[in-house]
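Undergrad: Pasting a predicted model and its sequence here:
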Amino acid sequence: MSNAAVTAATSSRAADAGKSALARLGEAVVGRLVIIIPYLWLVFFFLIPFVIVFKISLSQTAIAIPPYAPVLGFGDGLSGFFAQLKQLSIDNYTWLTQDALYINAYVTSVVVAAISTVLTLLVGYPIAYGMARAPAMLRPTLLMLVILPFWTSFLIRVYAWIGILKPEGLLNQLLLATGVISQPLIILNTYTAIFIGIVYSYLPFMVLPLYSALEKMDYSLIEAAKDLGCPPTSAFWKITFPLSLPGVIAGCLLVFIPAVGEFVIPDLLGGSQTLMIGKTLWNEFFANRDWPVSSAVAVILLLLLIVPIMLFQRAQARAQEQDK
Amino acid sequence: MKSLGSIRRDFAPWNDPNAKPYIQFDKVTKKFGDFTAVNNLSLTIFEREFFALLGASGCGKSTLLRMLAGFEEPTAGRILLDGQDLRGIPPYRRPVNMMFQSYALFPHMTVENNIAFGLKQDGMPKPEIAARVGEMLKLVKLEQFAKRKPHQLSGGQRQRVALARSVAKRPKVLLLDEPLGALDKKLREETQFELMDLQQSLGLTFVVVTHDQEEAMTMADRIAIIDKGEVMQVATPAEVYEAPGSRFVAGFVGNVNMFEGKIAHGEAGSASIDAGNGITIRTENAGDAATGAAVAFAIRPEKIKISSTRPAGAVNAIEGEVYDIAYLGDMTVYHVRLDDGHVVRASTMNAARLAEDPLSWNDRAWVSFRPDAGVVLTR
């Protein structure tokens, strides 16, 4: 049997070799063309804007339009361009390291995003699990319910939480009326409110990849585990959870990455006492009109996030390599 | 009639009134909502028996297996294993293991970890686990595949891993749900014999669910034929084939020619049956069917002789016309339309390379059979 498999593999390799060099060249060209479209997209809408932001981050703030100098241009000819180029400096980056505000904001953002991600996972996993185990007939409806909030503006949904969480809000009224508490809880304008806001807003990004991982899992695997002497909880940790790991990783990254740079939720629910990098960036840009520093903040934020993304991709590539 | 025994001559605990039943389904009913999957079913299986549950899909045979494994609880009735009532015992505490139809191999574990899974659950010491896994890999001839993941194996290899995993814990009973269903025909036949050898060498009790009657006949000591959640007959393969208990069983297992009629005259087991249209069948296997009883006469195709002239001295001979011929290599199957329109199937082994007097389409032909060749069915 294994011999037969080996023979089949060899013969298919032989067929590949038999293909004419010209046909293979044609295939390669078509393959390149297909890949070039997303590359162009990334160049125009990601790489070029990033280069602009990066360039601004190396400039100095100035009272002008746009509010920074030098503005790279060819008005004074090529030599003028190079003269302007020499004025660029990394002062803004040095500045970021000197003021504890920025470092604190970065650290806080990463910590808040990490905690929120774990909370979202804890809330999202049971939801996704329940959906995946629900009768097949019910699943499209449940999926719809998860996606439904997207039909309302994100901003409005976050605003709605103010009404729920504020001292005289719905939650406190309910708890006071039922006698659970005697003093209103202070939730709004704290980190707790930010956690609630992030968990609520990003839950679908966690639930959907988890659901797709759990849904395609064969339930007979759990039965097999039980059959071999494994109680249900242990079967969950030994079978279900490891098999849903790709979904867990995808969901966590989909929550963590945007949560680090989140601005709306900390601004509306976190109040002025909380410090996150998205808000800092917004302040630099709109309140201080310091485009160069806010650009530097943005570049560092990007570098901060690119590391986990690359690590994740490398891990995935390695896993795929092993599967082959 | 003569008793038809097991292929394993020395093994027939079901004929021994003192033999202790090992697995007992006692008036078991299982309902899913309004649907009754198993209906007041009783069944006894003995230790070291290779027992097959045979039936069409949806007949309730898999439900029986799943109740034994503990994935379903009976709505009513009891299931006993070695004298112990299994009710309320979860699957992970039952001394039975199951080989799943889909194999249900853990995709994130290597072959050896799959096999070791159950042993680790039992808290077996590591060196013992390694030894047992090695033994199992050797048993299914997969030693060099120990470090592979299931998706790197062929269908046949996966089947063997599933088998090794399910016998690794030496369960009291091994349950096999369509164990060979996903294999191609050639491999299936080889594996049937391997399963029988395995059962013999391990001395375990096997309960196999299958819809493939050939598979059940090949492997099992006894077969239970299940229909609509009820047992139609429990017997050895030879009995099921040669002495079916009902029209359903006769029709379900193998090919059969059925003549509906009335006992015209009967005494001490032999009788003549009036099958209508002037056809009278003489049989010695009428059992205790009374005169006038509506019965079916069932006869297997290979027990019918076909010839171009009426064989001399034949007790039962009916004339007709050859209407279809299928040459299968080892044998030839004739469809003969009798003069009353009834189509009879007769098969002849091709013992010689070329028949001397080959019959052809539309030839007149006689079908004949001995009076002890068929059986009379009252149910």
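TA: Looks like it arrived, so ask away.

Undergrad: in what helix or strand does the residue nearest the centre of chain A lie?
TA: By CA atoms, centre = their mean, chain A has its centre lying nearest to A:I257, at 2.9 Å. Assigned by DSSP states H and E, A:I257 falls within helix A:241-260.

Undergrad: For that helix, name the packing helices and strands.
TA: Contacts defined by 3 or more CB pairs under 8 Å, 6 or more residues apart in numbering or on different chains; DSSP states H and E place helix A:241-260 against helix A:100-133, helix A:191-215, helix A:291-323. Bear in mind the C-beta positions are built from the backbone N, C-alpha and C, glycine included.

Undergrad: Quick one, which of those helices gets closest to chain B.
TA: Chain B lies closest to helix A:291-323 among those, at 7.2 Å (CB to the nearest CB).

Undergrad: List the buried residues of the closest one.
TA: Residues A:291-301, A:304-305 are the ones in helix A:291-323 that count as buried (16 or more other CB atoms under 10 Å in any protein chain shown).

Undergrad: Over to stretch B:364-373?
TA: Neighbour-count burial for stretch B:364-373, counted by 16+ other CB under 10 Å, picks out B:A365, B:W366, B:V367, B:S368, B:F369, B:R370, B:P371, B:A373.

Undergrad: Determine which two of the residues you listed are furthest apart.
TA: Put simply, by CB to CB the two of the buried residues of stretch B:364-373 set farthest apart are B:A365 and B:P371, 20.4 Å from each other.

Undergrad: what bridges to B:Q233?
TA: Counting by DSSP bridges, B:Q233 forms beta bridges with B:I225.

Undergrad: State the phi and psi torsions of the residue of the stretch 51-200 of chain A found nearest chain B.
TA: Evaluated by CB to the nearest CB, the stretch 51-200 of chain A has A:P135 as its residue closest to chain B, separated by 12.6 Å. Main-chain torsions, A:P135, degrees, to the nearest 10: phi -50, psi 140.

Undergrad: So which residues of chain B form helices?
TA: Per DSSP state H, chain B has helices spanning B:61-69, B:111-121, B:126-139, B:155-167, B:185-202, B:213-219, B:237-242, B:247-252. These are given in chain order.

Undergrad: I'd like those helices written out as JSON lines, with mean neighbour count added.
TA: Converted to JSON lines, those look like this (neighbours: other CB atoms under 10 Å in any protein chain shown):
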{"stretch": "helix B:61-69", "mean neighbour count": "24"}
{"stretch": "helix B:111-121", "mean neighbour count": "23"}
{"stretch": "helix B:126-139", "mean neighbour count": "15"}
{"stretch": "helix B:155-167", "mean neighbour count": "23"}
{"stretch": "helix B:185-202", "mean neighbour count": "15"}
{"stretch": "helix B:213-219", "mean neighbour count": "21"}
{"stretch": "helix B:237-242", "mean neighbour count": "20"}
{"stretch": "helix B:247-252", "mean neighbour count": "20"}
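
Undergrad: The helix or strand of chain A with the lowest mean pLDDT: what's the following helix or strand?
TA: Here the helix or strand of chain A ranked lowest by mean pLDDT, DSSP states H and E is helix A:2-18, holding a mean of 46. Using DSSP H and E, the next helix or strand after helix A:2-18 towards the C-terminus is helix A:21-42.

Undergrad: taking the mean pLDDT, what do you get for that next one?
TA: The average pLDDT for helix A:21-42 rounds to 83.

Undergrad: That concludes my questions; thank you for your assistance.
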